[in-house]
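Asker: predicted coordinates and the sequence they were generated for:
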Amino acid sequence: MPIKIHRPTTSARRKSSVQDFSDVTKTKPEKSLILIKKEFAGRSNGKIAVRHRGSGNKRYIRDIDFLRDKYDIPARVTAIEYDPNRGARIALLVYRDGEKRYMLAPQGVEVGSVIVSSKEKADIVPGNRLPLDKLPVGITVHSIELQPGKGGQVAHAAGSGVQLMAVEGKFATLKMPSGEIRMFPKECSATVGLVSNPDWRLVRWGKAGRMRHRGIRPTVRGKVMNPVDHPHGGGEGKHPIGLKHAKTPWGRPALGVKTRKPKKTSTALIISRRPKK
């Protein structure tokens, strides 16, 4: 998907870009596969639970099939659609028995492609889904299960992919997009290929109005607040935060502090952590 740059007719247009939707073949979603997305505006029981979230355009949730449990039944891609809830494109599948489902569209899958999900054997082409121990070492996959039969949970973002490095014993070793190397049970399934729409991260939103459409409200720096509102607040004019380390609005350490629980069970599966910036 190329990025489209407008003529700089205004200061906002000069600094913004938009997606080129030439890869989208269907504009309206499948009615049987959408749900109404309720708007809570970042609040819980009337109180702000998530700051800087609210408003935004109304959206429908597309019911994405992350499990792909119709095994050994070929499905034909009938449409590539835009999903407002994610950066990647989604593909509408029609199975041989007539059932329709959505899936994350891998890069290279087009209308008319035939894909299949299997536990034993399938062609190694983008879109097909197989257990990790049935895939060749070195291949790039996405939508990986953390536990067998739970559905894809890892590598859903536009353009992301995970490299299968080895399969030994009960586990398969994969290299994550962050650089982290960790093990997954070899029975976990994964989809072959990269996630579609890799240029999505290159979009420059340009102005506050476009962010409001996405449901993101204005964000104010803590250092320009009053001391009652933020630990960084107070002082005269432009000043430093007056603290040795940055803090969150609730007084906890921020910026670079490890947030992973030290006794998390999956820590034993991590071979090497992602490199430090």
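Answerer: On my side now, so go ahead.
Asker: any stretches of this structure with poor pLDDT?
Answerer: 1, 277 (pLDDT under 70).
Asker: helix or strand: which one has the residue nearest to the spatial centre of it?
Answerer: In the chain, the C-alpha nearest the mean C-alpha coordinate belongs to A157, at 3.1 Å (CA atoms, centre = their mean). Assessed by DSSP states H and E, A157 sits outside every helix and strand.
Asker: from H142, how far out is it?
Answerer: 9 Å (CB to CB, to the nearest Å). In this view, the C-beta of every residue, glycine as well, is placed from N, C-alpha and C.
Asker: so what sits against both of those two?
Answerer: V195 (CB atoms under 8 Å, 6 or more residues apart in numbering).
Asker: can you count the residues close to K276?
Answerer: 6 (other CB atoms under 10 Å).
Asker: helices of this structure, start to end?
Answerer: Along the chain, the segments classed as helices by DSSP state H run 11-14, 208-213.
Asker: tabulate these (a markdown table), appending distance to K258.
Answerer: As requested, the helices of the chain are exported to a markdown table (distance: least, CB to CB, whole Å):
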| stretch | distance to K258 |
| --- | --- |
| helix 11-14 | 38 |
| helix 208-213 | 29 |
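Asker: tell me which of these sits nearest to N85.
Answerer: Nearest to N85 among the helices of the chain is helix 208-213 (13.3 Å), distances taken as CB to CB.
Asker: so which residues make contact with the closest one?
Answerer: A12, S16, S55, G56, N57, W205, P218.
Asker: distance to G233 and neighbour count for those residues - can I get that in a markdown table?
Answerer: Listed next are these as a markdown table, based on distance: CB to CB, whole Å; neighbours: other CB atoms under 10 Å:
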| residue | distance to G233 | neighbour count |
| --- | --- | --- |
| A12 | 30 | 15 |
| S16 | 32 | 17 |
| S55 | 26 | 13 |
| G56 | 28 | 17 |
| N57 | 33 | 9 |
| W205 | 28 | 16 |
| P218 | 17 | 8 |
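Asker: tell me how far the residue lying closest to C188 once chain neighbours are set aside lies from R68.
Answerer: Leaving aside its chain neighbours, C188 sits nearest to E145 (3.9 Å; criterion: CB to CB, 6 or more residues apart in numbering). Look at E145 and R68: by CB to CB, they are 10 Å apart.
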